[in-house]
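A.B. asks: model this:
(one chain, ligands or ions: 1)
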Amino acid sequence: MGEAFSNELAEAQVERFALLAEELGEAVQIIGKILRHGANSYHPNDADEVPNKELLVKELGDIQFAVELLCATHDIDEALIEWYRVEKIKKVEQYLHHQEYAMKLYRRRWPYSAPKAESEPSSERREG
Ligand SMILES: [Mg+2]
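C.D. replies: Below is the predicted model:
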């Protein structure tokens, strides 16, 4: 038998992480529906005909709350999230194939986001 293991989380912390996991799963499910049926499609049994893109927005709001709850309680570091966001922009932009216009809009909306990476373009990009 193995030694007793504890994740060393308080019940309240477990609940907050569980909430985030649940909301992330719900968002992934809706993204699957968008990819399979379309952003403007809705469930045939939904009398309100709420489109998938609105369902996704709802789940993203749920995720935002779950993240903010973890930040408010210092379970996770809000400043570090921002640091990783900027790092993500720097790393991923050179590998995006169809987001030039979207990134222009993004930088207009969030002008203090990461500068464009100055690394060599990827081989994929040079070929395309
Ligand atoms: Mg939800």
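
A.B. asks: give me every residue that touches the residue of the chain found nearest the ion.
C.D. replies: Proximity to the ion, evaluated over the chain using CB to the ion, is greatest for Asp62 at 3.7 Å. All C-beta atoms are positioned from the backbone trio N, CA, C, and that covers glycine. With contact set as CB atoms under 8 Å, 6 or more residues apart in numbering, Asp62 has these partners: 23, 26-27.

A.B. asks: moving C-terminal of the helix or strand encompassing it, what's the next helix or strand?
C.D. replies: According to DSSP states H and E, Asp62 maps onto helix 52-72. Next along the chain after helix 52-72, taking DSSP H and E as the criterion, comes helix 78-92.

A.B. asks: From the contact counts, what lies against that following helix?
C.D. replies: Here helix 78-92 touches helix 52-72, going by 3 or more CB pairs under 8 Å, 6 or more residues apart in numbering; DSSP states H and E.

A.B. asks: Near Asp75, how many other residues are there?
C.D. replies: 16 (other CB atoms under 10 Å).

A.B. asks: The nearest residue to Glu59 once chain neighbours are set aside: how many residues sit nearby?
C.D. replies: Excluding the flanking residues, the one nearest Glu59 by CB to CB, 6 or more residues apart in numbering is Ala27, at 4.0 Å. Number of residues near Ala27 (other CB under 10 Å) recorded here: 19.

A.B. asks: How about the one 4 residues further on?
C.D. replies: Using other CB under 10 Å, Ile31 has 15 neighbouring residues.

A.B. asks: coming back round to it: residue contacts, the residue nearest to Glu59?
C.D. replies: 56, 59-60, 62-63.

A.B. asks: can you give me how far the longest helix seen in the chain is from the chain middle?
C.D. replies: Of all the segments of type helix in the chain, defined by DSSP state H, the longest one is helix 11-37. The chain centre lies 10 Å from the centre of helix 11-37; the measure is CA atoms, centre = their mean, to the nearest Å.

A.B. asks: now stretch 32-41
C.D. replies: Distance, centroid of stretch 32-41 to centroid of chain: 18 Å (CA atoms, centre = their mean).

A.B. asks: Kind regards, and thank you for your time.
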